Structure formats: structure tokens, C-alpha cells
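J.: Fold the following for me, if possible:
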Amino acid sequence: MAAIQPALDGTVPTPPRTRSDDYETWIDAVWPAFVAAAATGRTFTTYEIADQHKLPEPPDPAHHWGRLMTLLKDEGYIRTAGWACSPRPTAHHSGVRTWKGTAAARRAAA
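T.: Purely as a prediction, here's the structure:
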């Protein structure tokens, strides 16, 4: 196990999330968390769900997160809800799409 260097203020940084090497394996790992989020009916960003569940990063983060959301939308689990400032620390509060579970996703969870 690698040692983690504390910050100058004494806090211990959160270790980075793992990165998946295979797209299909990554989809299988993250899909259930997003289907469960859709079933709640609440509005969310992709990063909120990924961070909450400590999901692995995809092989190509710049493109695969968006592709995942498109697949979930095409399957009827989510719909677009609007825009928000990104909670991702490296995004500098840029605008991101927000998502909301569909009625069909909520019924499937019941």
C-alpha cells in the first residue's frame, strides 16, 4: 500500500478514484448506481453520482461519461432536467447538464 502524504494543513487528501481499463467492464460497474439514482426521481449531475458511490473513472473520461448518460437516456431511465454549475473540483464551476429519473425508472424500482 502506498503512503499518502498529508497536506501542509495536516489534512489527508482523498485518494483518486480508480480508472477502468475496459469500457464494457466500466459500464457494468457504474450502470447500477445511475439506475438507482434515476429511480429516486431527484435531479443530479453525473459527477454527484460518481463521487457519492466512488465509481471508477472510464478509460476515456472526456467522452465516456457523456456516452453513459446518452445510453441511460436512450434506455428511458433519465431525461434532461436543466443545467447547473459543476460540483467537480477541477471543472471550475463550468456548466453541466443535470438529469432526472423518468416515471418509468421510478415505477421499475417499486
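
J.: residues of the longest helix along the chain that come out buried?
T.: In the chain, taking DSSP state H as the definition, the longest helix is helix 23-40. Under the neighbour-count criterion of 16 or more other C-beta atoms under 10 Å, helix 23-40 has 26, 29-31, 34-35, 37-39 buried. Every C-beta, even on glycine, is put in place using the N, C-alpha and C of the backbone.

J.: before we move on, what about stretch 82-93?
T.: In stretch 82-93, counting by 16+ other C-beta under 10 Å, buried: 86, 88.

J.: Could you do stretch 103-110 as well?
T.: Quick answer for stretch 103-110 (16+ other C-beta under 10 Å): A105.

J.: Extract the C-alpha trace of the longest helix of the chain and format it as PDB.
T.: Output in PDB follows, covering the C-alpha atoms of helix 23-40 (Å, rounded to 0.1, in the frame of the first residue of the first chain):
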ATOM      1  CA  TYR A  23     -15.200   0.200 -21.400                       C
ATOM      2  CA  GLU A  24     -17.700  -2.700 -21.100                       C
ATOM      3  CA  THR A  25     -16.400  -3.600 -17.700                       C
ATOM      4  CA  TRP A  26     -16.700   0.000 -16.600                       C
ATOM      5  CA  ILE A  27     -20.300   0.300 -17.900                       C
ATOM      6  CA  ASP A  28     -21.200  -2.800 -15.900                       C
ATOM      7  CA  ALA A  29     -19.700  -1.300 -12.800                       C
ATOM      8  CA  VAL A  30     -21.300   2.100 -13.000                       C
ATOM      9  CA  TRP A  31     -24.700   1.300 -14.500                       C
ATOM     10  CA  PRO A  32     -26.500   0.200 -11.300                       C
ATOM     11  CA  ALA A  33     -25.600   3.400  -9.400                       C
ATOM     12  CA  PHE A  34     -27.100   5.600 -12.100                       C
ATOM     13  CA  VAL A  35     -30.200   3.400 -12.500                       C
ATOM     14  CA  ALA A  36     -30.700   3.600  -8.700                       C
ATOM     15  CA  ALA A  37     -30.300   7.400  -8.800                       C
ATOM     16  CA  ALA A  38     -32.900   7.600 -11.600                       C
ATOM     17  CA  ALA A  39     -35.300   5.600  -9.500                       C
ATOM     18  CA  THR A  40     -35.200   8.300  -6.800                       C
END
